[in-house]
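> return atomic coordinates for the entry below.
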Amino acid sequence: MLITAVVNNRGNTLVVDMPRDRMDLDTKLYSIGQELSHNMPVSDKPDSDITVKLLADSDIGTHLIKLFNDSHTLRDVNNLTNAVMNAPDEIKEAIESDILNDQYSTPDELIEDVKKQTFEAGQYTETFYFPLVGMLDDEEYGDEYEVDNRFLQSYEWDIRELVDKEQGDDLGDMKDYFYDDDNAQAKMVTARWGIAEKYGSLYGKVDFKLREPFTAEEKEKARSWVCGQNADGFGEGLEQRPIETEDGDLYVSMWNSGDDYFINDENEMNEYLSQQQSGGIKL
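Model (predicted):
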């Protein structure tokens, strides 16, 4: 563990090591009658009823503690320690060196650098693309109807932000939820959902950064996993998050049950787009 937090709530004390599972952290806080971790500032003021003192028995932990102030929460501490602890082996030494040399001024700066270096560490990339479906909830008339891709394009920035937010720091990397093939999982440095603009239309995508290329069998297992995540995992949570628009709440799904649904690799996607264009179909 990188950091130990000593939480005191009106005489009730909790000593908790981090990083740890967010739900477990919140459960332990609840045991001393405290609020959730994202509402608990890192403050050790002696006149406060609730205090949080951060301790470390390693140089890395000591330098990490220096990045926090009263504006940060206990969840921020957990997110940062999780990012550092679970950084891929390829970048861990460089990240730890930068921490010890005080190259970071905020926790967010460090987390973003871990993400950046993690993405760059994968020597190979496998990307899958799939359609997006937008449903608009018109509260004024009580109707819900599907919008076209042009409408989605007008809220591209909001959709990108939502997809990024859904992969928040406390979720960890999505590759950690891949259980279908140990060899394929070992090749993954990171798996990240995103949005791609192709010929004026928006599509969903997943970028796998890999240490080695997938075999044909591993690739199909990854494709199947992406479909499952879009339908029941990551995508199911995403499509419950509304985006406010002038016309009502927009809900974006990365899966649908129609015959036109696909999950294409890069070559397949290029062929699909070429066929769409040559057929005179508006994308």
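> switch to C-alpha atoms for all contacts and neighbour counts from now on
OK.
> where does the stretch 51-200 of the chain dip in pLDDT?
Low-confidence regions of the stretch 51-200 of the chain, defined here as pLDDT under 70, cover residues 140-142.
> how about the strands in it?
All strands of the stretch 51-200 of the chain, identified by DSSP state E, counting those that start in this stretch, fall at 124-130, 133-138, 143-147, 188-198.
> nearest to Ile60, of those?
strand 188-198 (22.9 Å; CA to CA).
> alpha carbons of that closest one, in CSV - could you do that?
Presented in CSV, the C-alpha positions along strand 188-198 are these (Å, rounded to 0.1, in the frame of the first residue of the first chain):
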residue,chain,number,x,y,z
MET,A,188,-3.3,-5.8,-23.3
VAL,A,189,-1.7,-2.6,-21.9
THR,A,190,-4.9,-0.7,-22.0
ALA,A,191,-8.5,-0.9,-23.4
ARG,A,192,-10.3,2.4,-23.8
TRP,A,193,-13.6,3.3,-25.3
GLY,A,194,-14.0,6.5,-27.4
ILE,A,195,-15.7,8.2,-30.2
ALA,A,196,-14.5,8.3,-33.8
GLU,A,197,-15.6,10.7,-36.6
LYS,A,198,-15.6,9.0,-40.0
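> with distance to Thr73 added, can I get the strands of the stretch 51-200 of the chain in CSV?
Below are the strands of the stretch 51-200 of the chain laid out as CSV (distance: least, CA to CA, whole Å):
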stretch, distance to Thr73
strand 124-130, 35
strand 133-138, 34
strand 143-147, 38
strand 188-198, 26
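> of those strands, which is nearest Lys175?
Of the strands of the stretch 51-200 of the chain, nearest to Lys175 by CA to CA is strand 188-198, at 5.1 Å.
> what's the angle between that closest one and strand 124-130?
50 degrees (axes from the mean of the first three to the mean of the last three CA atoms, to 10 degrees).
> give the pairing partners of strand 188-198; include direction for each.
Sheet pairing here is set by DSSP bridges, and for strand 188-198 it gives strand 201-210 (antiparallel).
> now do the strand it pairs with, average pLDDT.
Strand 201-210 carries an average pLDDT of 96.
> ditto for stretch 253-262
So the average pLDDT for stretch 253-262 ends up being 94.
> who touches that stretch?
Stretch 253-262 is contacted by residues 129-134, 204, 227, 230-231, 235-236, 238-239 when judged by CA atoms under 8 Å, 6 or more residues apart in numbering.
> got the end-to-end distance for it?
13 Å (CA to CA, to the nearest Å).
> that older thread, take the contacts of stretch 253-262 and lay them out in JSON lines including distance to Arg10.
Shown next, in JSON lines, are the contacts of stretch 253-262 (distance: CA to CA, whole Å):
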{"residue": "Tyr129", "distance to Arg10": "52"}
{"residue": "Phe130", "distance to Arg10": "52"}
{"residue": "Pro131", "distance to Arg10": "53"}
{"residue": "Leu132", "distance to Arg10": "50"}
{"residue": "Val133", "distance to Arg10": "50"}
{"residue": "Gly134", "distance to Arg10": "48"}
{"residue": "Gly204", "distance to Arg10": "48"}
{"residue": "Cys227", "distance to Arg10": "49"}
{"residue": "Asn230", "distance to Arg10": "45"}
{"residue": "Ala231", "distance to Arg10": "45"}
{"residue": "Gly235", "distance to Arg10": "41"}
{"residue": "Glu236", "distance to Arg10": "40"}
{"residue": "Leu238", "distance to Arg10": "38"}
{"residue": "Glu239", "distance to Arg10": "41"}
